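# My questions are about this predicted structure, shown below with the sequence.
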Amino acid sequence: MLIMLAVTAVPFAITIGLAFTNYDLVRSNSWKFIGLQNFDRMIHDPQIPTVIFNTAYLVIGSTVLDTVFGLALAVLLDARIRAIGIIRSLFMLPIMTAPIVVALTWRAMFNNDAGWINYFLKLAHLPQPLWLGDPHLAMPAVLISDMWTGIPFQAILLLAGLVGVSQRA
């Protein structure tokens, strides 16, 4: 319990405390209490609506898509076929991959000059967009890369429920 408090509650409390200061990582020696000025500046920042929209887009999009595709994958993995254990293990590999490796891999795949996605689009004589450079495509690209680990995670949770239901039925 103490370890949980040390790694969750203490950093949370420090973050809340720092929200009321002018703390700067570059000038860490010159910080002081400024009250609600940070919150006032945030409320009046013209980028806040965009930030809120992007956050909602990613949260709602990943939740819905991960759940829908995760359920479809869970139903497929609930099949009674030979070697299903090996197949289930292979589908769960994305969860075991470190997030930084996933991010770098997807960034390389979305690369407009040397990425695999644009390479195959070029072979099919289709346009090769700037995936991460176009404001209209960057968020869907981030959502796709997020789904790489989100779908298998949802599939594990939903498969556990399906297995439990099928055993009781």
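Received the coordinates, thanks.
# Return the set of buried residues in the helix or strand containing Leu137.
When secondary structure is defined by DSSP states H and E, Leu137 falls within helix 135-168. Across helix 135-168, burial judged by 16 or more other CB atoms under 10 Å covers 139, 141-147, 149-152, 154-156, 158-159, 162. Quick note: C-beta positions are derived from backbone N, CA and C, even for glycine.
# quick one: Pro152 from Trp116, how far?
With the distance defined as CB to CB, to the nearest Å, Pro152 ends up 20 Å from Trp116.
# and what of Thr97?
From Thr97 over to Trp116 (counting by CB to CB), the distance is 17 Å.
# do the same with Ile60
Ile60 is 28 Å from Trp116, where distance means CB to CB.
# So, low pLDDT: which residues of this structure?
Counting by pLDDT under 70, the chain has low-confidence residues at 28, 166-169.
# Helices of that one, residue ranges please.
In the chain, helices defined by DSSP state H lie at 2-4, 10-18, 37-43, 48-77, 84-91, 93-96, 99-109, 116-123, 135-168, listed in chain order.
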